[in-house]
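Q: predicted model and sequence follow; I will ask about them next.
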Amino acid sequence: MGRYMSVMLKKQNRDDHFILMLNEELKNEYGANTATKFNPWCELQEEANFMNKDREGKKQCPGLKRPVTPEHLSKNFFWFTNGFFSIKLSGGTTADEGKDAVAVCKWIIKTNSKYIDTEQSDNYDMDTVAEYLNSAFQDAGYNLDELWKM
């Protein structure tokens, strides 16, 4: 199955306002690539709408009872869990995808883990992420000192 970096926000930090601001901060201040790192309810609603209404969306998970709800997605698919970030560390992760993990690591360090549920989070420390992803970063030509600089 592999090793994953998994980070769950504390329950009080899983509201859309906090998550949307956090995702922007990760992109703008910490160098993450993609807009969504942690899942807000509004984006889960968009995904549910896609799966319920769009021709291609209806083909996804054909055995899934419709209508699909954001709550159902969050409860039954770990990658759709509200307030959750996950990335595969062992094998297959590109350097660009890995930059999201680096950004989340830096944010956790800067905030002293105060926004995350450490009991539901795993492999989010800089040493573990670097151990698994630094070779992908080096292969892609990244300067590791610059990448991990706080």
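A: Arrived safely, thanks for sending.
Q: before we move on, what SS does G91 have?
A: Of the three states, G91 takes coil under DSSP: H, G, I helix; E, B strand; the rest coil.
Q: would you mind measuring from it to G2?
A: Per C-beta to C-beta, to the nearest Å, G91 is found 6 Å from G2. (C-beta placed from N, C-alpha, C; glycine too.)
Q: same check on Q60?
A: Using C-beta to C-beta, Q60 is found at 23 Å from G2.
Q: now do V104
A: V104 is 18 Å from G2, where distance means C-beta to C-beta.
Q: those two: who's more crowded?
A: Shown here are V104 and G2; by other C-beta atoms under 10 Å, V104 has more neighbours (24 against 10).
Q: check contacts around that one.
A: If a contact means C-beta atoms under 8 Å, 6 or more residues apart in numbering, then V104 has M5, V7, L26, Y30, A32, K37, F85, Y124 as its contacts.
Q: list the contacts for the closest residue to the fifth one other than its chain neighbours?
A: In space, and not counting its chain neighbours, A32 is closest to A103: 3.6 Å by C-beta to C-beta, 6 or more residues apart in numbering. Under the criterion of C-beta under 8 Å, 6+ apart, the contact list for A103 reads L26, K27, Y30, G31, A32, K37.
Q: which residues are in contact with the residue most central in space within the chain?
A: For the chain, the residue nearest the mean C-alpha position is F85 (2.8 Å; C-alpha atoms, centre = their mean). With contacts defined as C-beta under 8 Å, 6+ apart, the neighbours of F85 are M5, S6, V7, K37, F38, D100, V104.
Q: that older thread, what residues sit buried inside the helix or strand harbouring the residue nearest to A32?
A: Assigned by DSSP states H and E, A103 belongs to helix 95-110. Buried residues in helix 95-110, defined by neighbour count with 16 or more other C-beta atoms under 10 Å: 95, 97-108.
Q: now that helix - C-alpha only, CSV.
A: Listed next in CSV are the C-alpha coordinates belonging to helix 95-110 (Å, rounded to 0.1, in the frame of the first residue of the first chain):
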residue,chain,number,x,y,z
ALA,A,95,8.4,16.6,-7.4
ASP,A,96,5.6,19.0,-8.2
GLU,A,97,3.1,17.0,-6.1
GLY,A,98,5.7,16.7,-3.4
LYS,A,99,5.9,20.5,-3.1
ASP,A,100,2.5,20.4,-1.5
ALA,A,101,3.8,18.1,1.2
VAL,A,102,6.8,20.4,1.8
ALA,A,103,4.4,23.4,2.1
VAL,A,104,2.2,21.5,4.6
CYS,A,105,5.4,20.5,6.6
LYS,A,106,6.6,24.1,6.7
TRP,A,107,3.2,25.4,7.8
ILE,A,108,3.0,22.7,10.6
ILE,A,109,6.4,23.6,11.8
LYS,A,110,5.7,27.4,11.7
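Q: kind regards, and thank you for your time.
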